[in-house]
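A.B. asks: Here's my sequence, what's the structure:
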Amino acid sequence: MAILSCESVERAIAQIKKEIQGYQLDSKYFEKFTNAPYDQEVLGYIAGRGGYYLKFLSLLTQKCGFSNILELGNYAGASTLSIYAGMPSGAAFTTVDIVKDQRYCTDEMFKDQRMRFVIGDALDLSIYGARAPMNVDFLYEDTFHYYDHVRDIFEIYENFLADRALVAIDDINANDKRKFFDELLYVKWDLTELCHEEGWGLFLFERKERRSPADRLIEAHKAAMRVWKRRCDRRAEILEKIETRKLKNLVRSFVHSHKKLHSLILIIKRALGV
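C.D. replies: Predicted coordinates for the structure are as follows:
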């Protein structure tokens, strides 16, 4: 388990800033890349176009010596590749995405017993089966770029974190995601300028009250149920508004198209004294 403190993270960040421009991933990690335009675009990101966050992930993993890594959102696998390149030999790495497309992950990674690729919605804990990723000391979040979603993610996954853990969040300036980062009460670092032009944040999680892994797993499932209930309630509310709007529009359309009939009914009713 990595020994994390504000001071140790500060030192790691300072060292990374000195090394990051000259740092390169080993050529063996690029076996799945071709000359296709998108592949070359991703290679540009790995080299540092738009920010050094992929190099940062690799160097941070090296410097901090994480033992249990969890990545939420790995589309295509560039960030997975970068983290893997910096992994200590005894570490475990679980990476999750709703889409099965980790095209840049090497054959070695898929054979490595330290690696676990999970396909499914990160908010649905059944994707882990009986092997939930407990005591994570580094969590990298790069899922949907909205406040509500990252809030829901953390409500669940804080229970999977070790008593002290580093959490990195990509794209904190996208949509309303910045609100989540600003609300955090932990020690945090805004590394947007160094890492990613769309925003990149890091914070040091520290649990106030220690609880057993079994208790935290139960709480994670309770949190997931709360999250899904909120989402279902919200969808029901939206559907109700849509149906109400449709009904109002239907009534307006009927009245408008039957104005003459409506006027005739009123005249007849007055004539009959009804």
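A.B. asks: ok now do A14, which residues does it touch?
C.D. replies: Not one residue lies near A14 by CB atoms under 8 Å, 6 or more residues apart in numbering. Where you see a C-beta, it was placed from the backbone N, CA and C, and this is true even at glycine.
A.B. asks: Going by secondary structure, it is in what exactly?
C.D. replies: helix 6-19 (DSSP states H and E).
A.B. asks: again, but for V118
C.D. replies: strand 115-119.
A.B. asks: In terms of secondary structure, what does the helix or strand that the helix holding A14 is followed by contact?
C.D. replies: Beyond helix 6-19 on the C-terminal side, the first helix or strand identified by DSSP H and E is helix 37-47. Here helix 37-47 touches helix 53-64, helix 78-85, going by 3 or more CB pairs under 8 Å, 6 or more residues apart in numbering; DSSP states H and E.
A.B. asks: would you turn those helices into TSV with mean neighbour count and distance to L70?
C.D. replies: Below are the helices and strands packed on helix 37-47 laid out as TSV (neighbours: other CB atoms under 10 Å; distance: least, CB to CB, whole Å):
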stretch	mean neighbour count	distance to L70
helix 53-64	24	12
helix 78-85	24	10
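A.B. asks: quick one: strands adjacent to the strand holding V118?
C.D. replies: Sheet partners assigned to strand 115-119 using DSSP bridges are listed as strand 92-97 (parallel).
A.B. asks: got the angle for the strand it pairs with vs helix 53-64?
C.D. replies: 160 degrees (axes from the mean of the first three to the mean of the last three CA atoms, to 10 degrees).
A.B. asks: can you list contacts of strand 92-97?
C.D. replies: So strand 92-97 is in contact with 67-75, 77, 80, 83-84, 87, 102, 114-120, 122, 127, 133, going by CB under 8 Å, 6+ apart.
A.B. asks: helices and strands around the helix or strand following that strand, which ones?
C.D. replies: Downstream of strand 92-97, the next assigned helix or strand under DSSP H and E is helix 107-111. Packed against helix 107-111 by the contact rule (3+ CB pairs under 8 Å, 6+ apart) you find helix 78-85.
A.B. asks: OK, contacts around D124?
C.D. replies: A224.
A.B. asks: Stretch 107-116 - what's its average pLDDT?
C.D. replies: For stretch 107-116, the mean pLDDT works out to 97.
A.B. asks: nearest residue to K188 other than its sequence neighbours?
C.D. replies: F203 (3.8 Å; CB to CB, 6 or more residues apart in numbering).
A.B. asks: Relative to A92, how far out is the one you found?
C.D. replies: For F203, the distance to A92 equals 22 Å [CB to CB, to the nearest Å].
A.B. asks: Return the helix or strand in this protein with minimum mean pLDDT.
C.D. replies: Ranked by mean pLDDT, DSSP states H and E, the weakest helix or strand in the chain is helix 259-272, scoring a mean of 64.
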